[in-house]
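Peer 1: model the following, please.
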Amino acid sequence: MSHLSQRPELPVVGVSMPHESAAAHVTGTALYTDDLVHRTKDVLHAYPVQVMKAHGRITALRTEAALAVPGVVRVLTGADVPGVNDAGMKHDEPLFPGEVMFHGHAVAWVLGETLEAARLGAAAVEVDLDEQPSLITLRDAIEANSFHGAQPVMVTGDVEAGFADSAHVFTGEFQFADQEHFYLETHAALAYVDEGEQVFVQSSTQHPSETQEIVAHVLGLNSHEVTVQCLRMGGGFGGKEMQPHGFAAVAALGAKLTGRPVRLRLNRTQDLTMSGKRHGFHATWKIGFDAEGRIQALDATLTADGGWSLDLSEPVVARALCHIDNTYYIPHARVAGRIAKTNKASNTAFRGFGGPQGMLVIEDIMGRCAPLLGLDPMELRERNFYGQGQATPYGMPVSQPERISAVWEQVKENATLADRKREIAAFNAAHPHTKRGLAITGVKFGISFNLTAFNQGGALVLIYKDGSVLINHGGTEMGQGLHTKMLQVAATTLGIPLHKVRLAPTRTDKVPNTSATAASSGADLNGAAVKNACEQLRARLRQVAASQLGSNASDVRIVEGVARSLGSDKELAWDDLVRTAYLQRVQLSAAGFYRTEGLHWDAKSFTGSPFKYFAIGAAAAEVEVDGFTGAYRTRRVDIVHDVGDSLSPMIDIGQVEGGFVQGAGWLTLEDLRWDASDGPGRGRLLTQAASTYKLPSFSEMPEEFNVALLENATEEGAVYGSKAVGEPPLMLAFSVREALRQAAAAFGPDGVSVELASPATPEAVYWAIESARQATVSRSGDARDGAAADGTATTVGTAGAAPTAAQALSRA
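Peer 2: Residues are numbered from 1 along each chain as shown. Alright, predicted model coming up:
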């Protein structure tokens, strides 16, 4: 076993314990960025000047009326920026734009003594606009050939030969929805300037180092003149990886210009309309199967809705391409990716970061094609699982492919799938107006940043004379339990009780040049860095202990806060050991570092091994659907997920449950709509609140929800044998969508292939049911009229294909 994976005697890792801030969360004592306003004197409040048009050039910006509003102190415009007027890493996001690029784009910010004064001041700013044509829907952008950024192509094998060898070839089209993060805490920042002109920013950010970098270049400063701290976030989900930077820069600019602290916090409507979402995608595909139902070839084009600027769209598309295979071996593939430029808020990272979109395409293909091949969807999926020695379309060998089958078989056993399928068949036969569906799907998700340079982490660990320990690391806490795991890693490595260790807020003057807490890599990178720092300290303390115990340092063990020597009854308490080390002038602080080894990636050829390992999981879901309305409920879900040797089982199970529910929301409930009409509200987000944007709640939870972690699953080369858990469980929710497809198909003849929109809202399910009822089945294997005689079928269907009452409302 590798040194990084090996656990010592009586480790604190692996012990189930609550989140380190759980009590503070539920009692309301946990502090978030905006809570600090009430502890800060003379704070100014920032409010955006939003232009409610989808696209246009600013011809005049008049601020005089705003400055006349009582309580207004200043109006920030592009003329005030001493550095670079840009909030993005691609230099395509002007902080104060001269061109409005989406409905609600902020073009200036008003600073007021109160929030109300700032709001009234913002309403008084006059903006003259030369309106320009706008592209709102993804289809509009594709038809207009409106694209930006890289257009990668992933190729493996000989695609044409693969299709020539295929017994069955199908083509299709699929468009599916984006998703709002809807974190409980909206974007927030609080900035002030100290007596040394040092800028200090409290920010709700997943990437403090990048926030620091953007603030510095907007202000024309060096990074060492800017400190960014993140106490914690009330949710992030990727929405705070890139997009907090501009808001922090506005607050910092205001503080720099006025000499007073500036607070910026978006209200819910502003956050929904000004910040990006998960990328919606459009896919066209062609797939070939042999006579046994094994995939021979895939040719697909994935188009992401990037919004008005690039943000993180390029790596999102890259990860989508890298995950279009999911758990299935595809010997011949050509998959192209591109980014549509639309007049909407710039879409950004969201849990899974393109992986869910890529996987959804192949899972939709499998669900649609299984009936056409005369196969049970579960059987079709099993026949295409990766095996030993097989590699992904981008050339990375799939390690531990046996775990794909292991979690799958365990789910089948735990969920008693065979028995329940028979029960469901009997239920469906007896109930003409209500049907049930049962589906199982798997997940194979690559862990690491595609950009190799981001796969590094740092930590600073301090031991004080009284034996207490303080940890600083580069990861941020957004409720996912990263800090809890880091406390457990430190206590385990040092060999001390957990109560001896405290964790400090994440800040850039303690651990520099950190990567975002994203890509499910937070525990891998920061945990290994914390472990590295603690190992340095433990090595020094073992030398001190050896001198006191009369033994060799190699024979000293520190367990549960006591140092002992092998073969001796002598012992030395931790506090005494630390005090002795101080008196001997032994350094009691250490900086830890970790870089993920074995990664390489060529973005041009789209080949390499970009991931440290794959996280594996499987889920079975059962649903019941009403044939009159399309309404449904999730009766039962069974999950088995591979987290390696869990660092903190309670935290990991919570992540699996939460990820699954969030994924089910994306796939079945959350239906973002924009005004795509030619009226004055063109480009306006219509679902601006929880009243119109439906989020999963207790009522959408499975009535029976069983989650198990794969046992005996040590991951070699990862911190204490664990695996990442943040993102992969979201994609387990594919099982719910596929169960809905099967329930809808049960209203039609046997063998019907059902196209199902995404999100599969009750409306979408109803139209799928109607389609199934009206279908006829050809024994050539196609469930559509007009199938080609050779058994090749063309299935074309997009999300929202069913008629709607308001044609101007677009899911694009």
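
Peer 1: helix or strand: which one has the nearest residue to residue 166 once chain neighbours are set aside?
Peer 2: Leaving aside its chain neighbours, residue 166 sits nearest to residue 288 (2.9 Å; criterion: Cβ to Cβ, 6 or more residues apart in numbering). Placement of C-beta: from N, CA and C, glycine included. When elements are assigned from DSSP states H and E, residue 288 belongs to strand 281-289.

Peer 1: within the sheet, what are the partner strands of that strand, with directions?
Peer 2: When pairs are called by DSSP bridges, strand 281-289 turns out to pair with strand 168-176 (antiparallel), strand 295-307 (antiparallel).

Peer 1: now the residue nearest to residue 16 when sequence neighbours are not counted: how far from residue 233?
Peer 2: Distances taken as Cβ to Cβ, 6+ apart place residue 650 nearest to residue 16, at 4.1 Å, with adjacent residues excluded. If you measure residue 650 against residue 233 using Cβ to Cβ, to the nearest Å, the figure is 20 Å.

Peer 1: the more surrounded of these two?
Peer 2: It is residue 233, of residue 650 and residue 233, that has more neighbours when counted by other Cβ atoms under 10 Å, with 27 against 16.

Peer 1: and the more buried one, what is it in contact with?
Peer 2: For residue 233, the contacting residues are 32, 183, 185, 204, 205, 206, 240, 476, 477, 478, 479, taking Cβ atoms under 8 Å, 6 or more residues apart in numbering as the criterion.

Peer 1: looks to me like the residue nearest to residue 16 is in a helix.
Peer 2: Yes - assigned with DSSP: H, G, I helix; E, B strand; the rest coil, residue 650 falls within a helix.

Peer 1: what's in contact with the one helix or strand residue 706 maps to?
Peer 2: Here residue 706, judged by DSSP H and E, is contained in strand 704-709. Contact partners of strand 704-709, identified using Cβ under 8 Å, 6+ apart, comprise 410, 414-415, 635-643, 646, 649, 652-653, 656-657.

Peer 1: of these, buried ones?
Peer 2: Neighbour-count burial (16 or more other Cβ atoms under 10 Å) is assigned, among the contacts of strand 704-709, to 410, 415, 635-643, 646, 649, 652-653, 656-657.

Peer 1: now go through those and say which are in strands.
Peer 2: 635, 636, 637, 638, 639, 640, 641 (DSSP state E).

Peer 1: so the first one makes contact with residue 701?
Peer 2: No - with contacts defined as Cβ atoms under 8 Å, residue 635 does not count as touching residue 701, sitting 11.2 Å away.

Peer 1: burial measure for the closest residue to residue 343 other than its chain neighbours, as a count.
Peer 2: Closest residue to residue 343 apart from its sequence neighbours, by Cβ to Cβ, 6+ apart: residue 134 at 4.1 Å. Neighbourhood size, residue 134 [other Cβ under 10 Å]: 22.

Peer 1: coming back round to it: and which of the ones in strands among the buried ones among the contacts of strand 704-709 is nearest to residue 159?
Peer 2: Taking Cβ to Cβ as the measure, residue 159 sits nearest to residue 641 out of those, at 33.3 Å.

Peer 1: give the bridge partners for the nearest residue to the closest one once chain neighbours are set aside, please.
Peer 2: Of all residues not flanking residue 641 in the chain, residue 617 sits nearest, at 3.9 Å (Cβ to Cβ, 6+ apart). For residue 617, the beta-bridge assignment (DSSP bridges) gives partners residue 443, residue 641.

Peer 1: that older thread, give me the next element, helix or strand, following the strand holding residue 706.
Peer 2: Heading C-terminal from strand 704-709, the first helix or strand you meet, by DSSP H and E, is helix 734-745.

Peer 1: after that following helix, which helix or strand is next?
Peer 2: Past helix 734-745, heading to the C-terminal end, the next element that is a helix or strand (DSSP H and E) is helix 762-774.

Peer 1: now do the closest residue to residue 772 other than its chain neighbours against residue 161, distance only.
Peer 2: Across the structure, with Cβ to Cβ, 6+ apart as the measure, the residue nearest residue 772 apart from its sequence neighbours is residue 748 (3.1 Å). Between residue 748 and residue 161 the computed distance is 36 Å (Cβ to Cβ).

Peer 1: and these two? Which one has more around it.
Peer 2: Relative neighbour count places residue 748 above the other of residue 748 and residue 161, with 23 against 13, counting by other Cβ under 10 Å.

Peer 1: which stretches in the stretch 501-650 of the chain count as strands?
Peer 2: Taking DSSP state E, counting those that start in this stretch as the criterion, the stretch 501-650 of the chain carries its strands at 501-503, 506-507, 556-559, 562-565, 571-573, 589-595, 600-602, 607-609, 613-626, 632-641.

Peer 1: quick one, which of those strands is nearest to residue 4?
Peer 2: Nearest of the strands of the stretch 501-650 of the chain to residue 4, taken as Cβ to Cβ: strand 589-595 at 8.6 Å.
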